[in-house]
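Chemist: Show me the folded form of this:
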Amino acid sequence: MGRFLGILLLAVAAQNVSAQSAKTKKAIVIIVDGIPADMIERVHTPFIDAVSKDGGYTRAYMGGERGGYSETPTISAVCYTSMMTGTWGNKHNVWGNGLENPNYNYWTMFRFLKEAKPESKVGIYSTWLDNRTKLLGEGLDQTGKLKMDYHFDGYEHDTVSFPHDKESIYINKIDEEVVKQASQSLRADAPDFSWVYLQYTDDAGHRYGDGKGMVDAIVKADRQVGELYAAIRYREQYHNEEWMFIVITDHGRDVATGFSHGGQSERERGIWIATNAKNLNQHFHAHTPAIVDILPSMARHLGVSIPTIQRYELDGVPFIGDVSIADPTAKLENNKLTITWTPFSREGKVKIYVTPTDNFNKSGPSNADEYALIAEVDLAKRKVEIELPEAFAQEQAFKIVIEGEHNALNRWVKR
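Modeler: Numbering: from 1, shown residues only. This is a model prediction of the structure:
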C-alpha cells in the first residue's frame, strides 16, 4: 500500500510539473518612432540593453526592395502597416500617414490571432488614434469587425488634458500617459497580444535632428520601455506566462541632418530590433531581418498557424525557431524563370510554385490564387532555372512562391 501511495504521489507531482511548464504564450511589440540604429547604439539606453541581454539585438531594415516593385516609403504609418501585416506597400497599399486606402485583404497580427483563437484578448496603447481606427480597421466590415479588448489612445484629440505647444512637449506627456495606462493594463489584463506606440522621439528628430534634444528623447523612451518591460516581467514572475517582448523603431533619418525621413538612403531604411526572445535563429543573428519579419515571428511564438494561402503572401521571415530560406530573387527572360534564395541548411528541398493571377489582392483569402508546382530542387543549390510550362506562355505577370520545410518566400515578376 505504501509503495502504491508513493507511486501515486510521484505521478501527481509529475502532472503538476507538466502543468507548470505549459506556460501561456503572450507577445507585445513596442514602437519607439524614428530612432536611427547608429543613435540607439551610441546613446546610453540601459533598459533597452536589458531586453537585448535577455534575448538579442540586431540591425534590420524597412523599405522593401530599393528600386523594385516592393519599394516602400520610410514614413511612419507606412512602416507600422508593414510591421502589422508582414507585407510591403505594394500589397497593403499604405503610402503615407493619411492611411487613405489600406488593403485589408492583408490581415494584421491582431486579426490572425482573433481568427485562430477567438478567446484571445488583444490591446493597443497608442498616441495616435488612427493606428486603431484606420490601420487596424477596428469595427470595419473589411476586417471582420475586428475589436480591441483593451485600448488607450486618442489622447492627441484631448487638448484640455494635453494642450498643444510648438515644442511638442504635449506629445511627450501623451507618451507618458500611454506608458502609464499600458503598464497598468499589462499587469492587470495581460492581453495575449498588444502593441504600444510611442511618438515623441520622431517629433524630437524633426525638431532637433541628431542633436541633444533627440538624445534626451531617446533617454526618455528608454526609461518608458523599462517600465513596460517591468510589467511583463511581473507577469512572468507571478503568473504562468512566457512573453515575447519586442522593441523596434519604424524608420531611420536622413544622413545629413537627422531632421527628415521617407527616402531610401541606408540610414533612412536602417532600423533595429531588441527582443527578449531566447530561440533566435540565423536570420536574426547572421542575416538582416526586416520590419515585415515581426508578424511571422510573433505568430510562431503565439502558436498561430497562418493558412497556406495567406502565408504565401507574407513578405517576412520568422527570426525565431527553424527557418529554411531567405533573400528570394526571381527574373523572367523570354520563357525562362531564374530563381535564387539564401539557404539556412545544407539539407532539404525547396518547391517552386507559380500562378499568373493575383486574386488575393482583390478579394483576400476568400478568392485564392491557384498555384502550380513547377519544380522541386535541393535547398543547398541556391538557384534554379526553369522553362515555364506552355500553359503560361501568354501570361504577362506571375506570383512565385519558394517553399522550404520551415518557411516560404514570394516574388512577383513581369515579362
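
Chemist: any idea how far P307 is from A299?
Modeler: 11 Å (C-beta to C-beta, to the nearest Å). In short, each C-beta sits where N, CA and C put it, glycine included.

Chemist: and these two? which has more neighbours close in?
Modeler: Using other C-beta atoms under 10 Å as the criterion, P307 and A299 rank with A299 on top: 23 against 13.

Chemist: How much space separates that one from G86?
Modeler: 8 Å.

Chemist: so what sits against both of the two?
Modeler: M109 (C-beta atoms under 8 Å, 6 or more residues apart in numbering).

Chemist: wait, is I339 part of a helix?
Modeler: No. Using DSSP: H, G, I helix; E, B strand; the rest coil, the assignment for I339 is strand, not a helix.

Chemist: hang on, it packs against I400?
Modeler: Yes. Applying C-beta atoms under 8 Å as the test, I339 and I400 come out as touching, 6.7 Å apart.

Chemist: any residues in contact with both of these two?
Modeler: By C-beta under 8 Å, 6+ apart, the residues touching both I339 and I400 are 328, 330, 352, 411.

Chemist: buried set for the longest helix along the chain?
Modeler: Longest helix in the chain, counting residues (DSSP state H): helix 212-238. Neighbour counts over helix 212-238 (16 or more other C-beta atoms under 10 Å) mark 214-215, 217-222, 224-226, 228-229, 231-232, 235 as buried.

Chemist: who touches the helix or strand just after it?
Modeler: From helix 212-238 onward toward the C-terminus, using DSSP states H and E, the following helix or strand is strand 241-248. Outside strand 241-248, the residues within contact range by C-beta under 8 Å, 6+ apart are 23-32, 48, 51, 55, 60, 83, 190, 225, 228-229, 232, 235-236, 271-277, 291, 294, 297-298, 301-302, 320.

Chemist: quick one, what contacts R311?
Modeler: Contacts of R311 by C-beta under 8 Å, 6+ apart are A408.

Chemist: go on, N101?
Modeler: Contacts of N101 by C-beta under 8 Å, 6+ apart are N93.

Chemist: tell me the SS of it?
Modeler: coil.

Chemist: One more: V384?
Modeler: Reduced to three states by three-state DSSP, V384 is strand.

Chemist: For the closest residue to it other than its chain neighbours, the count of nearby residues, please.
Modeler: Distances taken as C-beta to C-beta, 6 or more residues apart in numbering place V377 nearest to V384, at 4.9 Å, with adjacent residues excluded. When neighbours are defined as other C-beta under 10 Å, V377 has 16 of them.

Chemist: element containing V377, please.
Modeler: strand 372-378.

Chemist: what pairs with that strand, and is each one parallel or antiparallel?
Modeler: strand 349-355 (antiparallel) (DSSP bridges).

Chemist: Please name the residues that touch G226.
Modeler: By C-beta under 8 Å, 6+ apart, the contact set of G226 is 46-47, 50.

Chemist: Give me the PyMOL select line for the residues you listed, limited to the buried ones.
Modeler: Typed into PyMOL, the next command selects the buried ones out of the contacts of G226 (criterion: 16+ other C-beta under 10 Å):
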select buried, resi 47+50
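
Chemist: Low-confidence regions, the stretch 51-200 of the chain specifically.
Modeler: Scanning the stretch 51-200 of the chain for pLDDT under 70 picks out nothing.

Chemist: so where do the helices sit in it?
Modeler: 76-85, 89-92, 109-116, 130, 169-188, 200-208 (DSSP state H, counting those that start in this stretch).

Chemist: Quick one, which of those gets closest to L388.
Modeler: helix 89-92 (22.3 Å; C-beta to C-beta).

Chemist: what's that closest one in contact with?
Modeler: 64, 69-73, 78, 81-82, 85, 95, 102-103, 106, 313, 315, 361, 412.

Chemist: any chance you could map the helices in the stretch 301-415 of the chain?
Modeler: 308-311, 359-363.

Chemist: Dump those to TSV, plus distance to G262 and mean pLDDT.
Modeler: Formatted as TSV, the helices of the stretch 301-415 of the chain follow (distance: least, C-beta to C-beta, whole Å; pLDDT from 0 to 100):
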stretch	distance to G262	mean pLDDT
helix 308-311	29	97
helix 359-363	25	95
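
Chemist: among these, which is nearest V384?
Modeler: Per C-beta to C-beta, nearest to V384 of the helices of the stretch 301-415 of the chain: helix 308-311, 21.0 Å.

Chemist: Buried residues, that closest one. List them.
Modeler: 309-311.

Chemist: and the closest residue in space to H251 that isn't next to it in sequence, how many neighbours?
Modeler: If the residues on either side of it in the chain are set aside, H251 comes closest to T74, at 4.0 Å by C-beta to C-beta, 6+ apart. T74 has 29 neighbouring residues, counting by other C-beta under 10 Å.

Chemist: okay, how far is it across stretch 53-63, tip to tip?
Modeler: Start-to-end span of stretch 53-63 (C-alpha to C-alpha, to the nearest Å) is 27 Å.

Chemist: Just list the residues touching the residue nearest to D315 when sequence neighbours are not counted, thanks.
Modeler: Excluding the flanking residues, the one nearest D315 by C-beta to C-beta, 6+ apart is V292, at 4.6 Å. Contact partners of V292, counting by C-beta under 8 Å, 6+ apart, are 82-83, 85-88, 314-316.

Chemist: let's see it at 6 Å
Modeler: Taking C-beta atoms under 6 Å, 6 or more residues apart in numbering, we find V292 in contact with 82, 86, 315-316.

Chemist: ok, now S70?
Modeler: Contacts of S70 by C-beta under 6 Å, 6+ apart are 64, 88, 90.

Chemist: ok, those residues vs A393, which is closest?
Modeler: N90 (25.5 Å).

Chemist: do you know how far the closest one is from N410?
Modeler: Counting by C-beta to C-beta, the gap from N90 to N410 is 11 Å.

Chemist: Would you mind grabbing the residues shared as contacts by these two?
Modeler: Counting by C-beta under 6 Å, 6+ apart, nothing touches both N90 and N410.

Chemist: what about the stretch 251-400 of the chain, any weak spots by pLDDT?
Modeler: In the stretch 251-400 of the chain (pLDDT under 70), no residue qualifies.

Chemist: one step back: I'd like the buried residues of helix 308-311 as JSON lines, with distance to E347 appended.
Modeler: Shown next, in JSON lines, are these (distance: C-beta to C-beta, whole Å):
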{"residue": "I309", "distance to E347": "27"}
{"residue": "Q310", "distance to E347": "28"}
{"residue": "R311", "distance to E347": "22"}
